[in-house]
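Chemist: Sharing a model prediction with you, sequence too.
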Amino acid sequence: MKIEENYRIHNSLQIHSVSDYGVTVNNLSELQTLHDFIESKKIDYFILGEGTNIIPPDRYKGLVVSLNFKSIERKSDLIRVGSSVNWNDLVQYAVMNDIYGFENLSLIPGSVGAAPIQNIGAYGVDVEPLIYKVYFFDLQVGSFNSLYSDECNFGYRDSLFKESAKIITHIEFKSNLDKKLSLTYKSLLDKVNELRLDKKFLSPKIIAKLVSQIRLDILPNPKIEPNVGSFFKNPIIDVNTINTDYFSLSDLIIWELENGLVKVGAARLIQLIKNQLPENKNVFLSKQHNLVLTTNGNATQQNVLNFAETIQAKVKYFFNINLEIEPRVIS
């Protein structure tokens, strides 16, 4: 295990970011060595996947850990996957093998290891029901462990792995879920109807292709337009707390939930107030999607956060709604 100095932190916002130290872990035995190094140096650290869901600082005073676990192995009704496997590569593996449940999650950027941390989701589906067990190394105690899905405290874009010392090494996914497709998300169903597809003949492969087409149409490619995807979570609130002095409820996109709560479309909130936002020379709202913040490759972390705070303040003023940042802010 080789520790490098002045380690470049690759990230899809193209913030020029460097850490004091960096290391790539290639096998499980090196994790104990990593634990001993961190304990002896008393150094801060974070785990870097593909850098598609982070807002890094210009200089990180600590150690960046990258993993190199890229196996996919099918065992009976489970698929055991290394945390470094690209998420969409796993989706393609699933749909090509007629495994149901992954298709709506096509083209989500990032690695497999990031999936349970954020409980990633798209087009009416979350990753939680697909997960059987998560395997990890706990850097706090220096030992390997695992948790079943119902022990991971999954929530909306949340889990117990967030801000924890647990390094996910492998995940076991279910490959025997019911052969049912989820068409509850409006834009996906609209696409099916637009193409006049017979629902009886739909398959995971077809749905994955449709979802990919939709995403490519509305979301900018981070390799061309630097971004981290959806920048804010869709807020879940009591509908009675929404300020309607400036806009009516009918102006918003609202999904009704249980116990009197609703989920509000953050993209629509931003769309309604974006003409109130000052210009920023390095950070912008994407022309393709109001929920995506993009940079020109010259932005700093503070540039991005300042622009995000302006959006949050405007949304709070006009709607009395707090927007929460979805990507991880590295400090």
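Modeler: Everything's here; your move. Residues are numbered from 1 along each chain as shown.

Chemist: what helix or strand is residue 145 on?
Modeler: Residue 145 belongs to strand 143-148 when elements are defined using DSSP states H and E.

Chemist: got a list of what residue 21 touches?
Modeler: Residues in contact with residue 21 (C-beta atoms under 8 Å, 6 or more residues apart in numbering) are 3, 4, 5, 7, 43, 62, 63, 64. All C-beta atoms are positioned from the backbone trio N, CA, C, and that covers glycine.

Chemist: how about the first one, what does it touch?
Modeler: Applying C-beta under 8 Å, 6+ apart to residue 3 gives the contacts 21, 22, 23, 37, 63.

Chemist: Mind checking which of those land in helices?
Modeler: In this view, the contacts of residue 3 that belong to helices under DSSP state H are residue 37.

Chemist: Rank the contacts of residue 3 by pLDDT and give me only the lowest.
Modeler: Confidence by pLDDT is poorest for residue 37 among the contacts of residue 3, given 92.

Chemist: Look up how far residue 331 lies from the closest residue to it other than its chain neighbours.
Modeler: What sits nearest to residue 37 in space, not counting adjacent residues and going by C-beta to C-beta, 6 or more residues apart in numbering, is residue 3, at 7.1 Å. Plainly put, residue 3 is 22 Å away from residue 331 if you go by C-beta to C-beta, to the nearest Å.

Chemist: do the same with residue 288
Modeler: From residue 288 over to residue 331 the distance is 29 Å, taken as C-beta to C-beta.

Chemist: and residue 296, backbone torsions?
Modeler: Per-residue torsions, residue 296: phi -100, psi 10 (degrees, to the nearest 10).

Chemist: Near it, how many other residues are there?
Modeler: Other residues within reach of residue 296 by the criterion other C-beta atoms under 10 Å amount to 14.

Chemist: Distance check, it against residue 194.
Modeler: Distance from residue 296 to residue 194, by C-beta to C-beta: 34 Å.

Chemist: related to what we said a few turns ago, if you count what's nearby, which of residue 288 and residue 331 comes out ahead?
Modeler: Neighbour comparison, residue 288 and residue 331: the larger count goes to residue 288, with 16 against 12 (by other C-beta under 10 Å).

Chemist: for that one, helix, strand, or coil?
Modeler: Judged by DSSP: H, G, I helix; E, B strand; the rest coil, the three-state class of residue 288 is coil.

Chemist: so what's residue 4 closest to, chain neighbours aside?
Modeler: That would be residue 22: by C-beta to C-beta, 6+ apart, it lies 4.8 Å from residue 4.

Chemist: Contacts only, for the one you found.
Modeler: The contact partners of residue 22, by C-beta under 8 Å, 6+ apart, come to 3, 4, 7, 8, 9, 63, 64, 65, 66.

Chemist: Let's see that with 7 Å instead.
Modeler: By C-beta atoms under 7 Å, 6 or more residues apart in numbering, the contact list for residue 22 reads 4, 7, 63, 64, 66.

Chemist: export these to CSV and tack on distance to residue 273 and neighbour count?
Modeler: Below are the contacts of residue 22 laid out as CSV (distance: C-beta to C-beta, whole Å; neighbours: other C-beta atoms under 10 Å):
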residue, distance to residue 273, neighbour count
4, 44, 14
7, 39, 21
63, 40, 21
64, 36, 25
66, 38, 18
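
Chemist: Let me know the closest of these to residue 323.
Modeler: Nearest to residue 323 among these is residue 64, at 28.0 Å by C-beta to C-beta.

Chemist: hang on, isn't that closest one packed against residue 7?
Modeler: Yes. The pair residue 64 and residue 7 qualifies as a contact (C-beta atoms under 7 Å) at a distance of 5.3 Å.
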